[in-house]
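**Q** The sequence and its predicted three-dimensional model are supplied below.
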Amino acid sequence: MNTEQQSPVITADLVGFRRAAFFGSIMATTGLGAWLLWRIFEPEGISTLEWVQLVLFVLLFQQIATGFWLVFFGLITMILGGDKARIELTIKDEAIEDFEAPPTAIVVPIYNEDVVRVFRGVEAMWEGLSRAGGNESFDFFILSDSNRPEIWLSEETAWLELCKKHNAFGRIFYRKRRAPRNSKSGNVADFCRRWGARYRYMVVLDADSVMTGRLLRRLVLMMEKNPRVGLIQTAPQLALGNTLFRRMQQFAAKVYAPLFAAGSNFWHLFASNYWGHNAIIRVRPFIEHCDLPELPDPDSKRRHILSHDTVEAALMRRAGYDVWFATTEEGSYEEGPPHLSDSLARDRRWCMGNLQHFWFLFAPGIDFANRFHIWTGIMAYISSPLWLLFLITGAADLAIKHRFSLLSSLPNTDLAFSVGAVHLLLLATLGLLFIPKILAVIMTLPRAKKYGGAFKLSLSAFLETILWTLLAPALMLYYTQFVVMNLLGLQVQWSGQNRSDDKGLSLIESFRIFWLPPVVGLFALAALLTWTPTEMLLISPILAGWFLAPVLACMTSKRSLGERAREKNLFIIPEEIPSLCPQELKDVENIPDATPLFSAISFGGLARAVVDPLTHSLHVALLRDRRRGSALTDDHLSRLRIRLLEEGPSALQPSQQYALMWHAESLRWLHHEFWSRPASRLHPWWNERFAEITRKTRIL
């Protein structure tokens, strides 16, 4: 096929104009805000605390201004019919029908995930590709780092059932890493080393990702048409949420994200960011140029880059390849955390990963756009302690001078101007925060029927804004805690994400988890009443958020409230309308569970690999041969397996059971001994399992 360069025509003048307009607007807005704050402080002389506030204000107001101007320029491009400089415009819809895709790998790294959900997603995409023109060029790789034996065995069984169902042996692969080094980035790197040479492209997904077959084929075609492009990031839409928390998130993303995405593409064009999933990557340059360096951290445990995606995008750009954001492509989906507690657990990991990027702000050869992406990611978390420090210094200054309380009674002209500047700055800040949401709702109104109607769309946006405004003070405290813990060198466990929304938080659980905001609120209330009671009204929204945090966390975690909101047509997204929902999303919810032989037995883990003939045979077959261990190792494993049979699984620690799970010879011996030894030579626990499995066999 013709692979002649087809990228959008991007001239240096266009890039220069757009970036000058975008960053010039941010700088002008930030400068105006800083000038207003300076005029507020200036009449009585600027104290040390006020100089600190000015510096903090510039950093924080810049972040608010950035969000506003992203939406503004996104709005302009959408009003003018869409950005003409988009990677999506380099191909035509009809081109994907007869397009013969080159070898492409769809890579799904997993770690202690919901096995049923993972394999439903893979099956939905497999069938979606078949409907979209054929999946012959696409291979799936489920790359497991799971360290829980019962999940490991379930993954193997689910893989076997999926391959049998679709005759997909040699097309859908499953691999369990023996040494899960460097988390997800290490898993992807391991794939590249072993299989990368076979494929021109790879689509990296998360465990909860779903992409339509049509979009997958379009992404490959875009890459084929644009040889200079190294990576295309899609805009994944949150979906399949049932709790109130998830429904609010997916509604907000669907309504607000398009303007932000359009504004992002306006300024960075071919220098987009990468989010680590739901993106297509050109494999060869990724292997050659995107190997992650170790950080110059004195602690060896903190040298690996956790949030690898932003760095990989920067390295791809440094190598001369374009990175695009396919802002208008539909069909890319993921699921969010079910409630606030799990969202914060994920944010704590992301916080540590993003703060590591500080090392790359000044790295040689990094594109300016990538440096700004890195800066934005760092500020996403650093801004919380900065806001808290701004509030504390402001309160301390008020307690010392009672400045604002005295202003209204002083006739000085400069002081009168300061009162007006206070009001103007407050209105400007609120405008920069909330006008983008209002504009997004207005732009969505022509499609309001897909969101439950114009009234329900507006009401949903209003309720979502109120709830997130109340949750924001609590998030500020926890993000501050995450930053401080990271600076103190406390390690964060990069664990799997909870994606199940079946169980919400009870009120007691919520107060146990979210005790910090109310306690801080009590101290803040006491301080205000003691030193600056006249400022109570100004601080009341923050106090309300702190006091209500446990209640709001509990309420938004409930699936029942989410379903009730859906019945009332609140927080509706188009994908929840059957006629508009992609078949792949329907399949994720409707594909029946595979029920292999003995799947109903009540025990799992190592015991299942010993007892169940199907599980045992499959697991041993998938274990890769290794060189024979030392005599000391073999003797240790021999003692462990004898102890397992004679004393039961509870006699072994999880790490010891895990070691036996990796040793094919031990498993063969254990399986043979279980089925051949007299009952008197087995621990009673094993005899109970024998009775159970034979009973299940008779029933089946």
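**A** On my side now, so go ahead.
**Q** Count residues in the vicinity of residue 540, would you?
**A** 12 (other C-beta atoms under 10 Å). Placement of C-beta: from N, CA and C, glycine included.
**Q** now the one 4 residues further on
**A** Applying other C-beta under 10 Å, we find 14 residues neighbouring residue 544.
**Q** For it, what is the enclosing helix or strand?
**A** helix 536-556 (DSSP states H and E).
**Q** residues in contact with residue 276?
**A** Contact analysis of residue 276 by C-beta atoms under 8 Å, 6 or more residues apart in numbering lists 184, 204, 206, 307, 308, 309.
**Q** ok so, going back, let's test this: mean pLDDT of the helix holding residue 544, rounded?
**A** Average pLDDT, helix 536-556: 93.
**Q** Low-confidence regions, the stretch 51-200 of the chain specifically.
**A** Flagging of the stretch 51-200 of the chain using pLDDT under 70 yields the residue ranges 94.
**Q** Strands along that one, start to end?
**A** 104-110, 138-144, 172-176 (DSSP state E, counting those that start in this stretch).
**Q** ditto for the chain
**A** Per DSSP state E, the chain carries strands over the ranges 104-110, 138-144, 172-176, 201-204, 210-211, 229-234, 237-238, 279-282, 322-326, 332-334.
**Q** returning to what we had before: from the contacts of residue 276, which is closest to residue 234?
**A** Taking C-beta to C-beta as the measure, residue 234 lies nearest residue 204 of the contacts of residue 276, at 11.0 Å.
**Q** who does that closest one bridge with?
**A** residue 107, residue 279 (DSSP bridges).
**Q** and it, what does it touch?
**A** 107, 109, 188, 276, 277, 278, 279, 281.
**Q** Try it again at 7 Å.
**A** 107, 188, 277, 279, 281 (C-beta atoms under 7 Å, 6 or more residues apart in numbering).
**Q** can I get those in JSON lines with distance to residue 576?
**A** Formatted as JSON lines, those follow (distance: C-beta to C-beta, whole Å):
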{"residue": "107", "distance to residue 576": "29"}
{"residue": "188", "distance to residue 576": "32"}
{"residue": "277", "distance to residue 576": "23"}
{"residue": "279", "distance to residue 576": "25"}
{"residue": "281", "distance to residue 576": "31"}
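**Q** Looking at those, which one is closest to residue 299?
**A** residue 188 (24.1 Å).
**Q** Can you report how many residues neighbour that closest one?
**A** Using other C-beta under 10 Å, residue 188 has 24 other residues around it.
**Q** what do you get for residue 112?
**A** The number of residues near residue 112, taken as other C-beta under 10 Å, comes to 19.
**Q** With residue 559 as the reference, measure out to it.
**A** Noted for residue 112: a distance of 22 Å to residue 559, by C-beta to C-beta, to the nearest Å.
**Q** so where's the protein shaky on pLDDT?
**A** Ranges of the chain meeting pLDDT under 70: 1-9, 94, 401-420, 491-502, 593-602, 625-632, 696-700.
**Q** that older thread, most neighbours, which of the contacts of residue 276?
**A** residue 204 (25 neighbours).
**Q** quick one: it from residue 192, how far?
**A** Taking C-beta to C-beta, one finds residue 204 at 11 Å from residue 192.
**Q** Quick check: the gap between the spatially closest residue to residue 389 that is not a sequence neighbour and residue 428.
**A** What sits nearest to residue 389 in space, not counting adjacent residues and going by C-beta to C-beta, 6 or more residues apart in numbering, is residue 56, at 6.2 Å. According to C-beta to C-beta, residue 56 and residue 428 sit 17 Å apart.
**Q** same question, residue 638
**A** Counting by C-beta to C-beta - residue 638 and residue 428 are separated by 74 Å.
**Q** With neighbour numbers in mind, choose between the two.
**A** residue 428 (18 against 14).
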